[in-house]
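Visitor: Task: produce atomic coordinates for the following.
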Amino acid sequence: MKRYFFILIFSLLQFIAGSGNKLYAQSTTSSCACSCLKPLFDYLVASRRLFIKQTDHITVSTLVRDANRAGFRVSYTGCPILTKNINKYFYALTTTETGNSYKAMFGDCSIVLTTTNNASVSFYNLFTQSCDNTGSVYLAYNGIRQKRYFINRSISAYKVIHANDIFPELPAGYRYPYVITDTTTGSIYAADRNDSSYMAMTFFSADSIKSLPSNAKVISAGLHLFAKPEGYRPTTYPNAHTTLAGTNYGPSSSLLVCYDAWNYGMNFYRLLIVGQDFYTKIDLGFDAPDEDLVLDLTDRLITDIRALDYGFVLKYNDIGDSSLRYNTFCNQKYSDESKRPFIDVVYSVTGDSTIVAQLKIDSCYSCTEKSSTICYSAVTDTSVNPFTYGIAGNWRAYRSYAYYNDRSETDPSQYTNIRKYGTIKDYSDFWKLVDGAWQPQNTDSARWVWNSEITLHNRRGFELENKDPLGRFNTGLYGYDDALPTAVVQNARYREAAFEGFEDYYYGANPCDSACTTSRSFDFSSYKDNLDTTEQHTGRYSLRIAGNKSAGISANILADGGDDFSLAFNTANNNCSAGGVVLKGIKANKDVLLPGFSPLAGKKIVVSAWVKEAQDCKGESYVNNQINIIIARASSNIAIVAKPQGAIIEGWQRYEQVIELPADATVLTVNMQATGTGTVYFDDLRIHPYNANMKSFVYNPENLRLMAELDENNYATMYEYDDDGTLIRLKKETERGIKTITETRSALLKE
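Guide: Predicted coordinates:
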């Protein structure tokens, strides 16, 4: 009877909660941030990505990231349409490359491009020109264009004749001379020592400059190189350059344009013979040790528009100086993006410069709260058949038993007949017929021993918690509308474990449907607007915390065996009797069917998470963030700051803290803070008992493929797939970085 009483309360609560849910209607908006739509549209044209399909699942954040990497400066934080839809999808509604109208979706907003006089145009030949005060962007076939082509690859090559202060020891048995190529450094440099003990050079390219139109008329072009602040060798040679002062031997290196292709597979000697245009050779000499370089390449591009397609070489000069001479610049891997090298080109394209089209926001979805009975429950004050509504008649496993006894044959020296032998001695069935009814045997005497008892199920019937005869619990946490396991935990109860990867808050969600949302025991729904797809440790999302802001969650701490379930009895005045009251209703809390996250007092727990700061860290640990754990007690609170564990791996650092929960603890609060002015990202937050073992899982919210599995130490194994959904690469996160474990490729032969 108690079971049905609980279900009645839960269903009535669903009906009550449904009355306040939101339904949505479409409305038109005239606001538009021209400053971000303009460069983003230019990027879509230049990269030929105007016609992204809805099935490609490309988010707005992905486009913003790619546009910035390609040199189109787009800041979504200063643009309302991008800020609102940053984690939503971009896709084209138009499918043809020519026409008089183009339409696409930016998340919940649609943008439309219409041509002047309804004329047909080629969309990929358009270029943005100006904006008006309504937020519309005007486009033409021609105009002055400016684009940055960032250096995207580089390779340095050394030749060492004998040991010196840079290479004090050479590998035993090396072949003379010792030559090396290196693609991991964060520098572009050239160096030479006249005693021939050492020389170095660097090749670098901006492959995207190949997209510069062949019919472009170059107005100006410049190569921007930034002196490396750490110097050539931070401990021995802390300056970026040797200067001209104090020497009579002139510039130490030269910059040349390559007219042959180079690649990472070339060794030192093959790189030496890569074709170089000595007519454009520029000797580099600096008066200051930290001087940047801006090299005018206008004439070179005017002469040959394809002149820079193969990149440059910064090459050492034989200068006749016994000391080391060098020049050092930041390359494409340098942590400070503002110092990464690029080629800046201003050009125009031949054609008609008349305005031919207009781009603007067409409409956006907005929300209007409406009363809804979409969560209507069949359990009302009228009679109902509980079996037709799934209230009763749901059979689920309760216990599993195993039979323990000897086999009939116990003497190993006797001949065996495998066809007949091997039966269990004195076997008895689990069930027996007693007075016409099936009853279980006495498990103590019948040798039927139970080994697992299921104690909790979710609404889909999946097992959430079980225990063994020794009282040890195992737990499974589910997400993605309670359909997929997100974590499995050994030696922990369901209420003691929590995992949040921030992945499924948008799973299956229609922007106009928020009714009857799935309840969560560990819920960050109030921070849904802070979920970010530009940075992630695993999966697609992380929690973004702006500078000097915080986000947190609290949970009750219960005594072992305690219960957070409660009933509230509400009364009302009796209109039929003076001074009397009547029962108005009985309300149950959210833990009526499943307990929420509520760790047990007197136990140790582990809090673990991954953290990344927007500003790259040049030290061993991040310093502008904190994970504060606060334990509330009747007498006083306990505050603990989680500490980083291990190195920064691909920009992310693991935090882990062991915490003792006092016997009188009442509330646990985990608060994630950005203590500086920069943005901080948090991901893969886990809490579980100290003596438990957790593994967690992250899925793609679109196709539900497994993207990552996090082990007992919260290190990830990443799964990568091709366009057909075939697993092609397996990577493992370690303390030494992310390593590729396996990689496979396959193809079908065409007949």
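
Visitor: Am I right that Ile180 is in a helix?
Guide: No - using DSSP: H, G, I helix; E, B strand; the rest coil, the secondary structure at Ile180 is strand, not a helix.

Visitor: contacting residues for the residue nearest to it when sequence neighbours are not counted?
Guide: In space, and not counting its chain neighbours, Ile180 is closest to Tyr158: 4.6 Å by CB to CB, 6 or more residues apart in numbering. Quick note: C-beta positions are derived from backbone N, CA and C, even for glycine. Residues counted as contacts of Tyr158 (CB atoms under 8 Å, 6 or more residues apart in numbering) are 178-182, 198-200, 268.

Visitor: And the residues you listed, which two are furthest apart?
Guide: Of all pairs drawn from these, the greatest distance, 14.9 Å, lies between Thr181 and Tyr198 (CB to CB).

Visitor: and these two? which has more neighbours close in?
Guide: For Thr181 versus Tyr198, neighbours defined as other CB atoms under 10 Å are more numerous around Tyr198 (23 against 16).

Visitor: Can you name the residues bridging to the more buried one?
Guide: Val160, Arg193 (DSSP bridges).

Visitor: hang on, it packs against Val160?
Guide: Yes - in this structure, Tyr198 is within contact of Val160 by CB atoms under 8 Å, at 5.5 Å.

Visitor: Gln276 against Tyr259, yeah?
Guide: Yes - Gln276 lies in contact with Tyr259 (CB under 8 Å); the separation is 7.2 Å.

Visitor: just checking, what packs against the one helix or strand Tyr401 maps to?
Guide: Per DSSP states H and E, Tyr401 falls inside strand 399-403. The helices and strands touching strand 399-403, judged by 3 or more CB pairs under 8 Å, 6 or more residues apart in numbering; DSSP states H and E, are strand 448-457.

Visitor: Off-centre distance for the strand it packs on?
Guide: Relative to its chain's centre, strand 448-457 lies at 38 Å (CA atoms, centre = their mean, to the nearest Å).

Visitor: could you give the angle of that strand to strand 399-403?
Guide: Angle, strand 448-457 to strand 399-403, by axes from the mean of the first three to the mean of the last three CA atoms, to 10 degrees: 160 degrees.

Visitor: circling back to that earlier point, could you dump the contacts of Tyr158 into CSV and include pLDDT?
Guide: Output for those, formatted as CSV (pLDDT from 0 to 100):
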residue, pLDDT
Tyr178, 77
Val179, 81
Ile180, 82
Thr181, 86
Asp182, 85
Tyr198, 79
Met199, 83
Ala200, 87
Phe268, 81
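
Visitor: Please identify which of those residues is nearest to Glu712.
Guide: Closest approach between those and Glu712, by CB to CB: Asp182, at 36.0 Å.

Visitor: what sits against the one residue sitting closest to the centre of the chain?
Guide: In the chain, the C-alpha nearest the mean C-alpha coordinate belongs to Gln536, at 2.1 Å (CA atoms, centre = their mean). Neighbour list for Gln536: 542, 681, 683 [criterion: CB under 8 Å, 6+ apart].

Visitor: neighbours around the second one, how many?
Guide: Tyr681: 26 surrounding residues under other CB under 10 Å.

Visitor: does it sit in a helix, a strand or a coil?
Guide: The three-state assignment at Tyr681 reads strand, by three-state DSSP.

Visitor: measure it to Ala674 for me?
Guide: Counting by CB to CB, to the nearest Å, the separation of Tyr681 from Ala674 is 9 Å.

Visitor: got it, and the first one?
Guide: Taken as CB to CB, the spacing of Ser542 relative to Ala674 amounts to 13 Å.

Visitor: More neighbours: those two, which one.
Guide: Higher neighbour count among Ser542 and Ala674: Ser542, with 27 against 24, using other CB under 10 Å.

Visitor: if I read this right, that one contacts Phe682, doesn't it?
Guide: Yes - at 6.4 Å, Ser542 and Phe682 qualify as touching, with contact defined as CB under 8 Å.

Visitor: hey, what's in contact with both of these two?
Guide: Contacts common to Ser542 and Phe682, judged by CB under 8 Å, 6+ apart, are absent.

Visitor: How much space separates Asp711 from Lys281?
Guide: 54 Å.

Visitor: And for Gly676?
Guide: 46 Å.

Visitor: Neighbour count: those two, which is higher?
Guide: Applying other CB under 10 Å to Gly676 and Lys281 shows that Gly676 carries more neighbours, namely 16 against 12.

Visitor: Which residue is the nearest non-sequential neighbour of Trp438?
Guide: Trp431 (4.8 Å).

Visitor: quick one: the one you found from Asp523, how far?
Guide: In this view, Trp431 and Asp523 are 44 Å apart by CB to CB.
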